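Participant: whatever this is, show me its structure:
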Amino acid sequence: MAKEKNIQQNEVVDENELIKVRREKLNAFIEKGVAPFGHRYEVTHHAEDIRKEFGNIAEEEEGGEVQIAGRVMAIRGHGKASFGTLSDRTGSIQIYFKLDTLGEEKYSQFKLLDIGDIIGLRGKVFKTKRGELTVRVENFELLSKSLRPLPEKFHGLKDVEIRYRQRYLDLIMNPEVRDTFLKRTEIIKSMRKYLDDRNFIEVETPILSTIAGGAAARPFITHHNTLDTDLYLRIATELNLKRLIVGGFERVYEIGRIFRNEGMDNRHNPEFTSVEIYQAYGDYNDLIDVTEGICCATAEKIFGTTKITYQGVELELKNPPRLSMNDAVKNKTGKDFLSCATVEEARKMADEIGVEYEERFGIGGILNAAFEAKVEDDLIQPIFITHHPTEISPLAKRNPDDPRITDRFEFFVYGRELANGFTELNDPIDQKKRFEEQLQAREAGDEEAHVMDTDFIRALEYGLPPTGGLGIGVDRLVMLLTDAPSIRDVLLFPTMKVIAE
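Facilitator: Residues are numbered from 1 along each chain as shown. Purely as a prediction, here's the structure:
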């Protein structure tokens, strides 16, 4: 240990030399007859259990005996007595090694321990003169020798690239990262409970499919050798879940991984988690209520309130307002795109406010372009944007009063789309026509346009009841509730650019 300490004091640390020292210690353990990579260890307590059970004992009073296991994160002192810190899944606890207690042979093994080693130990709990709860080690076992040094403790692991690529190291060094992912688990559990309590059933649908449908996105393609056919990783669970509604499951949901061959930024990862929810005999208004309910329930689970702070901005998740897309654009720019009689008129409006659009866009497409360019980023407080153009909503039901728009909504928080839902299109004739329009868009160069799904049309011809559908980006919800600025902060293993080792 002293040799490694001396090496660490050099201005330039040779990691290979540190690894060499640790391997020498590994061999020293073997020479002492100690297996450097141990076996099962009976754990009676974790750090948090010790604090709860023995936290009230008096200073220098001895408590009960415990057996704990974890990673050594600090060692202080190298004489006949040393303190250390042991970290487990619940936190850290101070540990105390003493020559008189352990005996010479066991204490010589302690001298071979490095920061990062995983040990199991048995001992009595006591409180030091400074009032710190501590375990006096009576015996210990080496469970796993750490052959690589951890990052220097005063600077920790700060390099973002290393943190994302070596998440195991990030979790070791940064307890707040572990807390984020524990909260992620609680958020997903809360979502499940909310839906289960309302008689939704959780189902699983295929990840591989012969058709990539249910969303406007480019798919990943793979090949099945036995069938000698290309398959697509799903870009949405929507169409299969609606098939289940046709089959008689009135309320279904799926929490699952989605794959889209798209760019990466602080809000997008090629694979991400969504929850899609479908409710027969409901409409988009019912699913707006479900969206608000899930967001509020998860916030209350984590914080005990629906008021949260994200990136320094206070947000209220309860009772968000509703505003149509056209009104949102009109309020911001003064342009009423749905008043346009022709595409040329809509293009002129867009030109006047500096909105770019593609030649193939109709009035609805131009309205959406104006919304994305002029409105979306400014939607900081939670709000439901409703009544999207039919042109960009191929699976949503037309509004009965205006066929140019649909009964659809998106939920925006902090300028980001968190959820998307609508009254499902259950008219197979209209759906087939919309697919045909999507095919035309695809032929015109839109790689994200839908393909024709004849089996889905067949399912609709058997009868899909009036249905409301919803998709929520689980990762974005976790970002919101953990104050994470990037989606990579809430994915244990985000997609990263390949680099040479």
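
Participant: contacts, neighbours, all on C-alpha from now
Facilitator: Fine.

Participant: and the host helix or strand of I187, what's buried?
Facilitator: Element membership for I187, per DSSP states H and E: helix 175-196. Residues of helix 175-196 classed as buried under the neighbour-count rule (16 or more other C-alpha atoms under 10 Å) are 177-178, 180-181, 183-184, 186-188, 190-192, 194-195.

Participant: nearest to A58 among the residues you listed?
Facilitator: Set against A58, the nearest of the buried residues of helix 175-196 by C-alpha to C-alpha is R178 (31.7 Å).

Participant: before we move on, the earlier item: for the helix holding I187, packing partners?
Facilitator: Packing partners of helix 175-196 (3 or more C-alpha pairs under 8 Å, 6 or more residues apart in numbering; DSSP states H and E): helix 167-173, helix 284-303, helix 474-482.

Participant: pull up the pairing partners for the following helix or strand past that helix, direction included.
Facilitator: Note on helix 175-196: by DSSP H and E, the next helix or strand toward the C-terminus is strand 201-202. Neighbouring strands of strand 201-202 in its sheet, by DSSP bridges, are strand 251-259 (parallel).

Participant: contacts for the partner strand?
Facilitator: Strand 251-259 has contacts (C-alpha atoms under 8 Å, 6 or more residues apart in numbering) with 199-205, 219-220, 233-237, 241, 244-245, 270-280.

Participant: now do the strands in the stretch 351-500 of the chain.
Facilitator: Remark: strands assigned in the stretch 351-500 of the chain by DSSP state E, counting those that start in this stretch are 383-386, 398-399, 402-406, 408-413, 416-423, 467-473.

Participant: hang on, the earlier thing: filter the contacts of strand 251-259 down to the buried ones.
Facilitator: By neighbour count, with 16+ other C-alpha under 10 Å, those hold 200-201, 219-220, 233-237, 241, 244-245, 270-280 as buried.

Participant: in helices only, show me those.
Facilitator: Here DSSP state H is the test, and the buried ones among the contacts of strand 251-259 give 241, 244-245 as lying in helices.

Participant: shouldn't L121 be within a strand?
Facilitator: Yes: under DSSP: H, G, I helix; E, B strand; the rest coil, L121 falls within a strand.

Participant: quick check, it in contact with E141.
Facilitator: Yes: counting by C-alpha atoms under 8 Å, E141 is a contact partner of L121 at 6.3 Å.

Participant: shared neighbours of these two, which are they?
Facilitator: Common contact partners of L121 and E141 (C-alpha under 8 Å, 6+ apart): none.

Participant: so where's this protein uncertain?
Facilitator: Applying pLDDT under 70 to the chain picks out residues 1-13, 153-158, 501.

Participant: confirm for me that I380 is in contact with F411.
Facilitator: No: proximity of I380 to F411 does not meet the contact threshold set by C-alpha under 8 Å, at 11.0 Å.

Participant: which one of those two has more residues nearby?
Facilitator: F411 (23 against 15; other C-alpha atoms under 10 Å).

Participant: max-length strand in the protein?
Facilitator: Longest strand in the chain, counting residues (DSSP state E): strand 62-76.

Participant: direction included, what does the next helix or strand after that strand pair against?
Facilitator: Heading C-terminal from strand 62-76, the first helix or strand you meet, by DSSP H and E, is strand 81-88. For strand 81-88, the paired strands and their directions (DSSP bridges) read strand 62-76 (antiparallel), strand 91-98 (antiparallel).

Participant: and these as a markdown table, adding mean neighbour count?
Facilitator: Below are these laid out as a markdown table (neighbours: other C-alpha atoms under 10 Å):
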| stretch | mean neighbour count |
| --- | --- |
| strand 62-76 | 19 |
| strand 91-98 | 21 |
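
Participant: would TSV of the ones you listed with distance to R488 be doable?
Facilitator: Shown next, in TSV, are these (distance: least, C-alpha to C-alpha, whole Å):
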stretch	distance to R488
strand 62-76	26
strand 91-98	24
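
Participant: and these: which comes nearest P149?
Facilitator: Of these, nearest to P149 by C-alpha to C-alpha is strand 62-76, at 10.9 Å.

Participant: what does the closest one contact?
Facilitator: Strand 62-76 has contacts (C-alpha under 8 Å, 6+ apart) with 41-47, 54, 57, 82-88, 114-127.

Participant: ditto for stretch 425-444
Facilitator: With C-alpha under 8 Å, 6+ apart as the test, stretch 425-444 has contacts from 360, 394-398, 448-453, 457-458, 460-461, 463-467.

Participant: in it, what counts as buried?
Facilitator: In stretch 425-444, counting by 16+ other C-alpha under 10 Å, buried: 425-428, 430-432, 434-435, 437-439, 441.

Participant: centre of the chain versus that stretch, how much separation?
Facilitator: Mean-position distance between stretch 425-444 and its chain equals 33 Å (C-alpha atoms, centre = their mean, to the nearest Å).

Participant: please save the CA atoms from it in PDB.
Facilitator: Taking Å, rounded to 0.1, in the frame of the first residue of the first chain, the C-alpha atoms of stretch 425-444 are listed here in PDB:
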ATOM      1  CA  LEU A 425     -58.100   6.300 -36.300                       C
ATOM      2  CA  ASN A 426     -60.400   3.200 -36.400                       C
ATOM      3  CA  ASP A 427     -61.800   3.700 -39.900                       C
ATOM      4  CA  PRO A 428     -59.900   1.100 -42.100                       C
ATOM      5  CA  ILE A 429     -60.900   3.000 -45.300                       C
ATOM      6  CA  ASP A 430     -59.500   6.300 -44.100                       C
ATOM      7  CA  GLN A 431     -56.400   4.500 -42.700                       C
ATOM      8  CA  LYS A 432     -55.600   2.800 -46.000                       C
ATOM      9  CA  LYS A 433     -55.900   6.100 -47.800                       C
ATOM     10  CA  ARG A 434     -53.500   7.700 -45.200                       C
ATOM     11  CA  PHE A 435     -51.000   4.900 -45.700                       C
ATOM     12  CA  GLU A 436     -51.200   5.500 -49.500                       C
ATOM     13  CA  GLU A 437     -50.500   9.200 -48.900                       C
ATOM     14  CA  GLN A 438     -47.500   8.200 -46.700                       C
ATOM     15  CA  LEU A 439     -46.200   6.000 -49.500                       C
ATOM     16  CA  GLN A 440     -46.400   8.900 -51.900                       C
ATOM     17  CA  ALA A 441     -44.400  11.000 -49.400                       C
ATOM     18  CA  ARG A 442     -41.900   8.200 -49.100                       C
ATOM     19  CA  GLU A 443     -41.500   8.100 -52.900                       C
ATOM     20  CA  ALA A 444     -41.000  11.900 -52.800                       C
END
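
Participant: so what's C340 closest to, chain neighbours aside?
Facilitator: Nearest non-adjacent residue to C340, counting by C-alpha to C-alpha, 6 or more residues apart in numbering: A346, 5.8 Å away.

Participant: now do F259
Facilitator: E271 (4.5 Å).

Participant: do the same with Y194
Facilitator: Counting by C-alpha to C-alpha, 6+ apart, I294 is the residue found nearest to Y194 once chain neighbours are left out, at 6.5 Å.

Participant: where's the one you found relative to R251, distance?
Facilitator: Using C-alpha to C-alpha, to the nearest Å, I294 is found at 15 Å from R251.
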